[in-house]
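Engineer: structure for this input, please:
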Amino acid sequence: MVRGMDEQTAGPAGPEDVIIAVEDAGLEQEAATIVAATGRRAIRVDSPDPSDAGWRRCAAILIDAEQATAMLARVTAGDGARPARQGLFLVHSDDTGPPERVADELGCGEPVPLPSCGAELVGRIGRPGAVRAGRVIACAPAVGGAGASVCAAVTAMAAARDGETLLIDADEWSGGADLLLGAEAEPGVRWPDVRADAGALDAGALFAAVPVAPVRGRAGEFVGASGEWAPGILTGPRSRADDGWTVSPRAVAAVVDAVVGAGGTAVVDVPASGPMTEVVVPRADVLALVVPATVRGLAAAARRAAALRRLGGDPVAVVRWPAPGGVTIDDIEFATGLDVVAELPYVRGLAREIEVDGLGRSVGKLMRPLAPLLDLAGDRYAGHRW
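Structural biologist: Numbers count the residues shown, from 1 in each chain. Prediction:
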């Protein structure tokens with residue numbers, strides 16, 4: 001057996017791997033030979049899922065018409081995840097005609113015949129080290145008021161220093177990520193303006209249209225809303241009147257897929273449970289459960305973690321201090337079964353800062369203890385000065 005087919009993992013594919021979803025045994029062997037020639041690892045998948053994190057972040061996907069047709073049927077019946085992405089190749093045998101209709105439905109370009117175009121496909125997949133995949137970081141609360149929105153906002157501000165980042169407010173009852181960051185007066189499109197059912201979203205147009213988080217200096221003074229390292233914000237409208245707007249899970253899925261498909265970072269503030277959480281959790285490269293260092297917080301986190309795992313997530317914990325009863329990191333890990341990977345420290349005056357001006361001058365104090373979330377997501381944290 002060629003190199004690659006025996007190097008498979010049970011988890012999702014990594015950014016240097018190639019997914020093979022091919023029904024025909026002979027064609028699958030041809031696909032494996034091509035992957036081996038690139039020096040990458042082949043991950044065989046029997047039921048590919050475009051909502052899965054591995055689908056988006058892997059280097060390439062080789063799929064045949066049988067697997068593609070079955071997948072498209074599942075997508076239509078599910079959350080409407082769009083399979084189209086760079087590096088998606090519909091392969092077929094030289095002995096059969098090109099499945100052009102399936103290629104059109106996938107949005108992947110011309111079908112690739114094998115083995116005649118094998119050498120060309122090796123070049124198109126490329127060697128390891130050339131991939132810069134998008135990332136999804138989801139922040140969920142273990143209990144109400146845990147600090148998940150602050151965690152998401154600070155993480156988005158940090159991620160924006162490394163590339164295009166969108167802070168996605170997936171909780172329509174949150175009050176608004178724009179208020180949290182003091183961006184309520186910033187112009188731009190909001191959830192009611194997003195037409196996710198009209199086709200694949202253009203990530204570039206989305207980044208250009210959403211409000212941008214204002215950047216403040218150490219003293220809290222406004223120093224601009226430059227897109228240079230400020231994230232975009234997608235949240236609800238700012239109006240006194242409730243015009244009945246809502247957010248659909250399909251819209252959230254479409255926005256997340258568009259951002260990561262363009263190589264950006266999507267930081268999603270998700271509610272503790274519900275339809276939004278169900279579409280975001282399988283897409284998350286990092287699923288951060290924010291846990292207050294209290295007995296009540298631990299009790300809630302244990303149940304919440306189990307629920308997130310049932311949705312296909314692999315949650316990690318972010319502990320929010322202070323600990324009025326002396327709860328420790330060891331206590332949290334023992335009680336919840338989660339690894340504590342980052343911390344949300346207590347910052348004096350933070351609540352007033354958010355209330356008066358929006359989160360600003362305290363961002364620097366919060367970035368460093370939350371930086372491991374970016375490390376886990378594969379961002380280039382090393383070398384930044386926070």
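Engineer: now S116: how far from D95?
Structural biologist: 10 Å (C-beta to C-beta, to the nearest Å). From N, CA and C alone the C-beta is placed, and that goes for glycine too.
Engineer: how is this structure partitioned into domains?
Structural biologist: Domain ranges of the chain: 18-125, 135-377, per automatic domain parsing.
Engineer: may I have the distance across the last one, first residue to last?
Structural biologist: Taking C-alpha to C-alpha, to the nearest Å, domain 135-377 runs 6 Å from one end to the other.
Engineer: show me where the chain has its strands.
Structural biologist: Ranges of strands within the chain are 18-21, 42-44, 60-63, 88-93, 112-114, 135-141, 165-169, 232-234, 265-269, 286-292, 315-320, 340-344, based on DSSP state E.
Engineer: got those strands as CSV, with mean neighbour count, mean pLDDT and distance to P369 columns?
Structural biologist: CSV is the format used below for the strands of the chain (neighbours: other C-beta atoms under 10 Å; pLDDT from 0 to 100; distance: least, C-beta to C-beta, whole Å):
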stretch, mean neighbour count, mean pLDDT, distance to P369
strand 18-21, 25, 95, 35
strand 42-44, 21, 93, 34
strand 60-63, 26, 95, 36
strand 88-93, 22, 96, 38
strand 112-114, 21, 95, 47
strand 135-141, 28, 95, 14
strand 165-169, 29, 97, 19
strand 232-234, 27, 97, 23
strand 265-269, 29, 97, 16
strand 286-292, 27, 97, 12
strand 315-320, 25, 98, 9
strand 340-344, 20, 98, 4
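Engineer: in a markdown table: the ones you listed, plus distance to I332.
Structural biologist: Converted to a markdown table, the strands of the chain look like this (distance: least, C-beta to C-beta, whole Å):
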| stretch | distance to I332 |
| --- | --- |
| strand 18-21 | 35 |
| strand 42-44 | 33 |
| strand 60-63 | 38 |
| strand 88-93 | 40 |
| strand 112-114 | 49 |
| strand 135-141 | 15 |
| strand 165-169 | 26 |
| strand 232-234 | 30 |
| strand 265-269 | 21 |
| strand 286-292 | 6 |
| strand 315-320 | 6 |
| strand 340-344 | 6 |
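Engineer: looking at these, which is nearest to A177?
Structural biologist: Proximity to A177, assessed across the strands of the chain by C-beta to C-beta, is greatest for strand 165-169 (4.0 Å).
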